[in-house]
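# Here is a sequence together with a model predicted from it:
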Amino acid sequence: MTKKLLFILIVLLNTFYSTAQISFTESATSLGVATNYYGNAAAFLTGGVSFCDFDGDGWDDLSFATEAGNTVKFFKNNSGTFTEISNLRVIFNSDKTLQINWVDYDNDGDKDLFIPSHSALNKLYENDGTFSFTDVTDAAGIGSATLYAFGSSWGDYNNDGYLDLFLTYRDESYPDDFYFNTLYKNDGDGTFTDVSVEAGLNVTVGHFSFCSAFFDYDNDGWQDIYIANDKPSNTNVMYHNNGDGTFTDTSVSTGTNIGIDAMSTTIADYNNDGFLDIYVTNMYPGNNVFFKNNGNGTFTDIAASNGTLMGSVAWGAVFLDGDNDMDTDLYVSSMFTTANQPSFLPSAFYENQGDDTFAIPNPVDSGFDDDDSISYSNAIGDVDNDGYPDIVVVNRESNNFIFQNNGSGNNYLKVKLEGTTSNRDGIGSWVQAYNNGVPQNRYTLLGEGFNSQNSNSEFFGLGSETVVDSLKVKWLSGTVDVLYNVSVNQTLSVVEGASLSVSKFDFLNAIKVYPNPNNNGLFQLNFSDFDVSKNYQYKLFDALGRKLKQQNIDLSTNYVDLKNFNKGIYFLQIISEDQSTTKKLIFN
């Protein structure tokens, strides 16, 4: 039986009901990236890929991790085709690498580079703004990081406006695994501090972890961490962010403590209910897990009912709207091929049917009929800036794939964020596009999936809509920007705070509270541009919403004193005659 016939038989019933216009073409050769960096059959566990605009010219570039003996590969996007940048190779040696993160860790407006290694020390390179890089690993305080780092993800766990780093370790000497996942706090001055112990993370038992993701599963404004652990004896871990610099293991209470060969932590709000869901890949004879967020702090595995079990040896996964029809599809890589396992699915594109289920479209019609290699990592970006997400796939023993999206005629909006009070990359932000009162929700991550990094732009498929009624961005700082009547078929840059109404913007930003966090309980208030003819007061609440204090504001009084209260999280509501704003105070 031929490969194409096998695919068609597998999806025969599903394709009967499919109405979407999914259409991709594998174009790696024509785009200039037809190569392979894990050609050795013994190079088990290949590395990942970044589909991120690393030079800030508005075009998504490609960066590939490599096996031992090769240096990291960088391909610049030249308005729709790629050219390798050979002079960047010298910044890293030829040890085995597994992930690449382009991240603005110092908030200076350019992309710095972090590369964890599985056989040498991790490396952090600072971009000086001219695309010249300096190895600052030791100066940053992460030069002594333990070997066998497998993955890295970035988020702002303490909401201080700087991106923190979480490293996952998978020691090949398993079960004698003594390497512990590590949380590095960004100190905001170019250095990092290992806060794993004080943050309450488990550093007594190695978890044999592949990857992790920072995301806010309970919508409390603080980024939690979910970790995919290999082998059934190492159950996955969910760390809930307490908002005071510490985490609590809520794996059991959330129902996410599965014991499988977990490879991926893929995050999205697939059903646009305002809560983030998780897709976790697995190895046969097990199945993949699709955790639907119930909105009450728990998750339910719905993979069996929504058609995404797969039952293969799955690795990387990514959510995307493949045909811009306003729902979220799913692509999953697998190391099974029809040559070595003809009765199992190789990699698969799952199309959202709009009824909480997914189906595999006809692979010949959709362009995935040749998607039949030993595949691991994948990521999305936009090769030609046409607003349709393209997919890059890392293969072993065969050339990598670039599935270029042929489009469907539907409209789109791409959104790119620039934080000011929040981290410059805007990681941890909710972006919502509303039409007819119904939102499409996106959440910004860095280092999600299996060793991948997706485009910094968020993609919204808009179908036949000719305008976005409103676009809302909620930043980690609490700032909310809203734009109305947004034109479609464009890439829109949103700067934090620039799209608030004038009066609300002035009121929100006229009040500064510092230092925040602090450890002495004395919070200084700085007032500017206040209308002295109006009356102002503040109310102080604890983390449970109980009002602790209320008084009028004397503009000559410039502090709030919490020294007589316990350390923790507080909320300061400042109220004028017609407006109010709330500041989160962290007394630690």
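Nice, I can see it. Residues are numbered from 1 along each chain as shown.
# Can you tell me what sits against stretch 183-197?
With CB atoms under 8 Å, 6 or more residues apart in numbering as the test, stretch 183-197 has contacts from 105-106, 126, 136, 139-142, 156-158, 160-167, 180-182, 199, 201, 203, 225, 245. In short, each C-beta sits where N, CA and C put it, glycine included.
# what about the strands in the stretch 201-350 of the chain?
According to DSSP state E, counting those that start in this stretch, the stretch 201-350 of the chain carries its strands in the segments 209-215, 224-229, 237-241, 247-249, 266-268, 277-280, 289-293, 299-301, 314-320, 329-334, 348-352.
# typed the wrong thing, it's the stretch 401-550 of the chain
401-405, 411-418, 430-435, 438-443, 452-453, 458-463, 467-474, 480-487, 491-495, 511-514, 522-527, 537-542, 547-552.
# Paired strands for the fifth one, with orientation please.
The sheet places strand 452-453 alongside strand 49-50 (parallel), with pairing taken from DSSP bridges.
# helices and strands around the next helix or strand along the chain from the strand it pairs with, which ones?
Once the chain leaves strand 49-50, the next helix or strand it forms, by DSSP states H and E, is strand 62-64. Contacts defined by 3 or more CB pairs under 8 Å, 6 or more residues apart in numbering; DSSP states H and E place strand 62-64 against strand 49-50, strand 73-77.
# Can you add mean pLDDT and give the ones you listed back as CSV?
Shown next, in CSV, are the helices and strands packed on strand 62-64 (pLDDT from 0 to 100):
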stretch, mean pLDDT
strand 49-50, 96
strand 73-77, 95
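# Tell me who's in contact with the residue nearest to Tyr38 when sequence neighbours are not counted.
Excluding the flanking residues, the one nearest Tyr38 by CB to CB, 6 or more residues apart in numbering is Thr46, at 4.0 Å. Residues counted as contacts of Thr46 (CB under 8 Å, 6+ apart) are 37-38, 65, 67, 376-377, 394-396.
# switch the cut-off to 10 Å
36-40, 64-67, 96, 98, 315-316, 335, 374-377, 394-397, 400, 450-451 (CB atoms under 10 Å, 6 or more residues apart in numbering).
# any low-confidence regions in the stretch 51-200 of the chain?
89-94, 144-147, 172-178 (pLDDT under 70).
# So which residues of it form strands?
Taking DSSP E, counting those that start in this stretch, the strands of the stretch 51-200 of the chain run over residues 62-64, 73-77, 82-84, 101-103, 112-115, 123-127, 133-135, 149-155, 164-169, 182-186, 192-194.
# Tell me which of the ones you listed sits nearest to Leu446.
strand 149-155 (4.3 Å; CB to CB).
# in what helix or strand does the residue nearest to Tyr38 lie?
Here Thr46 is assigned to no helix or strand, by DSSP H and E.
# Give me the pLDDT value at the residue nearest to the spatial centre of the chain.
Geometric centre of the chain, nearest residue: Leu445, 2.0 Å, by CA atoms, centre = their mean. pLDDT for Leu445: 98.
# residues contacting it?
Applying CB under 10 Å, 6+ apart, the residues contacting Leu445 are 153-155, 213-215, 223, 265-268, 276, 427-429, 453-454.
# again, 7 Å this time
Contact analysis of Leu445 by CB atoms under 7 Å, 6 or more residues apart in numbering lists 213-215, 267, 427.
# Please apply the same query to Lys512.
Applying CB under 7 Å, 6+ apart, the residues contacting Lys512 are Asn526.
# Quickly note the distance from it to Gly151.
Lys512 is 37 Å from Gly151, where distance means CB to CB, to the nearest Å.
# Looking at the strands of the stretch 51-200 of the chain, spot the one closest to Glu351.
Nearest of the strands of the stretch 51-200 of the chain (CB to CB): strand 62-64, 25.2 Å.
# List the strands paired with the closest one, with their directions.
Assessed with DSSP bridges, strand 62-64 is paired to strand 49-50 (antiparallel), strand 73-77 (antiparallel).
# Buried deepest among those, which one?
Neighbour counts (mean count of other CB atoms under 10 Å) averaged over each of the strands paired with strand 62-64 peak at strand 49-50, with a mean of 31.
# Other residues contacting that strand?
Here strand 49-50 has contacts from 62-64, 100, 102, 377, 379, 392, 394, 452-453, using CB under 7 Å, 6+ apart.
# so where's the protein shaky on pLDDT?
If you take pLDDT under 70 as the line, the chain has these spans: 1-20, 39-44, 89-94, 144-147, 172-178, 500-510, 527-534, 543-545, 554-558, 577-580.
# contacting residues for Phe291?
By CB under 7 Å, 6+ apart, the contact list for Phe291 reads 256, 277-278, 280, 299, 301.
# could the residues you listed be laid out in JSON lines, adding distance to Ile85 and neighbour count?
As requested, these are exported to JSON lines (distance: CB to CB, whole Å; neighbours: other CB atoms under 10 Å):
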{"residue": "Thr256", "distance to Ile85": "40", "neighbour count": "23"}
{"residue": "Asp277", "distance to Ile85": "36", "neighbour count": "23"}
{"residue": "Ile278", "distance to Ile85": "35", "neighbour count": "26"}
{"residue": "Val280", "distance to Ile85": "34", "neighbour count": "24"}
{"residue": "Phe299", "distance to Ile85": "41", "neighbour count": "24"}
{"residue": "Asp301", "distance to Ile85": "43", "neighbour count": "19"}
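# burial count for Thr83?
Neighbour count for Thr83, taken as other CB atoms under 10 Å: 13.
# Spatially nearest residue to Ser377, not counting backbone neighbours?
Per CB to CB, 6+ apart, closest to Ser377 is Gly48, 3.8 Å.
# and if you look at Asp329?
Gly322 is the one closest to Asp329 (CB to CB, 6+ apart), at 4.5 Å.
# Does the one you found touch Ile22 like I think?
Yes: look at Gly322 against Ile22 with CB atoms under 7 Å: they come within range, at 5.1 Å.
# Which one of those two is surrounded by more residues?
Higher neighbour count among Gly322 and Ile22: Gly322, with 32 against 22, using other CB under 10 Å.
# Please report how far Tyr412 lies from Gln353.
For Tyr412, the distance to Gln353 - CB to CB - is 21 Å.
# Which one of these two is surrounded by more residues?
Taking neighbours as other CB under 10 Å, Tyr412 and Gln353 compare with Tyr412 leading, 22 against 18.
# Give me the nearest residue to the more buried one, chain neighbours excluded.
Gly387 (3.3 Å).
# Ok, Ile575 next?
Gln537 (5.4 Å).
# And Phe192, by the same measure?
Per CB to CB, 6+ apart, closest to Phe192 is Tyr184, 4.1 Å.
# count of residues packed around the one you found?
Neighbours of Tyr184 (other CB under 10 Å): 21.
# cool, and Tyr536?
20.
# Please give me every residue in contact with the closest residue to it other than its chain neighbours.
Leaving aside its chain neighbours, Tyr536 sits nearest to Ile553 (4.1 Å; criterion: CB to CB, 6+ apart). Ile553 sits next to 536-538 when contact means CB under 7 Å, 6+ apart.
# from those residues, which single one is nearest Phe290?
The closest of these, once distances to Phe290 are taken by CB to CB, is Tyr538, at 44.9 Å.
# Tell me the bridge partners for that closest one.
Residues in beta-bridge contact with Tyr538 (DSSP bridges): Gln551, Ile574.
# Is it correct that it is in contact with Ser576?
No: contact criterion CB under 7 Å: Tyr538 and Ser576 do not qualify, at 10.6 Å.
# Quick check on these two: which one has the bigger neighbour count.
Tyr538 (19 against 16).
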